[in-house]
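**Q** Sharing a sequence plus its predicted fold:
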Amino acid sequence: MACASSRALTKQSDAKQDNAQPAVTLQTLDTGDAQVAAILCRVAKLRGRDIPILVLGKTGPGKEWLARAIHHDSPRRDAPFIALNCASLLDTLIEAELFGYEDGAFTGAKKRGSVGKVVQVDGGTLFLDEIGDMQHAQQVRLMLVLQERTVTPLGGTRTIPVDLHIVCATHRDLRAMIEAGTFREDL
């Protein structure tokens, strides 16, 4: 990678690797392509900062790989990385998956409730793929989590503090969706 921070990336890439998958780093994603290098340099400048990242691109070019590299090359690399595809879940289930739920929150809920992905990833990185497919009501809840840094499980009254970095991706035209009123501009 031809940006000034490439030496720092090499040092961070030597951190311990997840046994389940080989570590994906910004440096390992450098293919020699000038456009890819420009993206990696931009992302490297944000490393370690508490700034949500949105990755735009067609389906299939490796947006999750980039999210994993962002996580691995950050101070959060020893904490969890959780990926959730917003398009793969029914609208009614995405809230339970993201925010968790208490016992009896809805029909068919687990007896003791469930911890959501937001709490599971505490200290780490949450990758929300296909964020453009998230319904407006869930966008509102996610925005509250990002602003308040707390989550309230469905059917619950207690708030749980959370520390997480968000990386989102979509193939959709979010500007057009914002104009149409189907995606929150502040999210």
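**A** Nice, I can see it.
**Q** show me what contacts Ser114?
**A** 96, 100-101, 153 (CB atoms under 8 Å, 6 or more residues apart in numbering). Backbone N, C-alpha and C define where each C-beta goes, glycine included.
**Q** can you tell me which of the residues you listed are in helices?
**A** Ala96 (DSSP state H).
**Q** tell me which of the contacts of Ser114 is nearest to Gly181?
**A** Closest approach between the contacts of Ser114 and Gly181, by CB to CB: Ala96, at 25.6 Å.
**Q** picking up where we left off before, make CSV out of the contacts of Ser114 and add distance to Asp50.
**A** Converted to CSV, the contacts of Ser114 look like this (distance: CB to CB, whole Å):
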residue, distance to Asp50
Ala96, 26
Gly100, 23
Tyr101, 27
Pro153, 24
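**Q** And stretch 84-96, end to end?
**A** 12 Å (CA to CA, to the nearest Å).
**Q** centroid residue for the protein?
**A** Nearest to the geometric centre of the chain sits Phe127, at 2.1 Å (CA atoms, centre = their mean).
**Q** Name the SS class of that residue, please.
**A** Using DSSP: H, G, I helix; E, B strand; the rest coil, the structure places Phe127 in strand.
**Q** Now do the helices in this structure.
**A** 6-13, 34-46, 63-72, 91-99, 117-120, 136-148, 174-180.
**Q** now this structure, which segments are flagged as low pLDDT?
**A** In the predicted model of the chain, residues 1-22, 104-111 satisfy pLDDT under 70.
**Q** Report the separation between Gln120 and Arg158.
**A** 17 Å (CB to CB, to the nearest Å).
**Q** next one: Gly132
**A** 31 Å.
**Q** Looking at the two, which has the bigger crowd around it?
**A** Gly132 (20 against 9; other CB atoms under 10 Å).
**Q** quick one, what contacts that one?
**A** 86, 170-172, 174, 177, 183.
**Q** at 7 Å what do you get?
**A** Neighbour list for Gly132: 170, 172, 174, 177, 183 [criterion: CB atoms under 7 Å, 6 or more residues apart in numbering].
**Q** Quick check: buried residues in stretch 67-78?
**A** 67-74, 76-77 (16 or more other CB atoms under 10 Å).
**Q** Quick check: end-to-end length of it?
**A** 15 Å.
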